[in-house]
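Asks: give me coordinates for this.
(one chain, ligands or ions: 1)
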Amino acid sequence: MAVLPVLKFPHKALQTKAAQVPQVTDVERRFVKDMIDTMYAEGGVGLAANQVGVLKQIFVASPDQARGKEFVYFNPRIVRKEGEVKEFEGCLSVPELYEPVKRAKKVWIKAMTLSGEWMETAADGLLARIFQHEIDHLNGFLFIDRLGLLKSKSVRRRLSRRHAASSKK
Ligand code: NI
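Replies: Numbering: from 1, shown residues only. Model (predicted):
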């Protein structure tokens, strides 16, 4: 078991698009185990690779935090969306901030699985929200970028000030 340190805003890796994974090897399989351990240790329902400083298109998710039942996807992309729903969202990389975020109610994603095969799957409810949040991470976006222009700017400013103050201590 290895729990990796989770990077916090404004770390550059969180604002960088992750690279495609050409194939799933032992390196990725080991890394995914660490990502899952890290997600549970931090009490999260999802984790993207760039949150632990690895710029690869990989995310893990577990809406019920049920060990052994994680969703693990490589190179995921949304192929279809339906509806809209606004709910509070948070992120391990943006501690102590919860804001309502508009997301599609239902999404269809295409991704490669741990076995290296491509598949398509649909999700709604919390799972759809997690998928959208994690795919955003892999494209270099945080949920605070989804708050509308003015709100995003003010939240970013506030977090940057907080970061500057804490790194001076
Ligand atoms: Ni997040």
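
Asks: point to the helix or strand of this protein where mean pLDDT is at its lowest.
Replies: helix 149-168 (a mean of 89; mean pLDDT, DSSP states H and E).

Asks: what's that one in contact with?
Replies: With CB atoms under 8 Å, 6 or more residues apart in numbering as the test, helix 149-168 has contacts from K8, F9, P10, V94, L97, E99, I144, D145, R146, L147. All C-beta spots, glycine's among them, are computed from the backbone N, C-alpha and C.

Asks: what comes up buried for it?
Replies: Buried residues in helix 149-168, defined by neighbour count with 16 or more other CB atoms under 10 Å: S152, V155, R156, L159.

Asks: skip the chain neighbours and tell me the closest residue to L14.
Replies: Of all residues not flanking L14 in the chain, S93 sits nearest, at 5.5 Å (CB to CB, 6 or more residues apart in numbering).

Asks: tally of neighbours for the one you found?
Replies: 23 (other CB atoms under 10 Å).

Asks: which residue packs closest to the most centrally placed residue in the chain, ignoring adjacent ones?
Replies: Most central in the chain under CA atoms, centre = their mean is E134, positioned 2.7 Å from the mean C-alpha point. The spatially closest residue to E134, leaving aside those adjacent along the chain, is F59, at 3.8 Å (CB to CB, 6+ apart).
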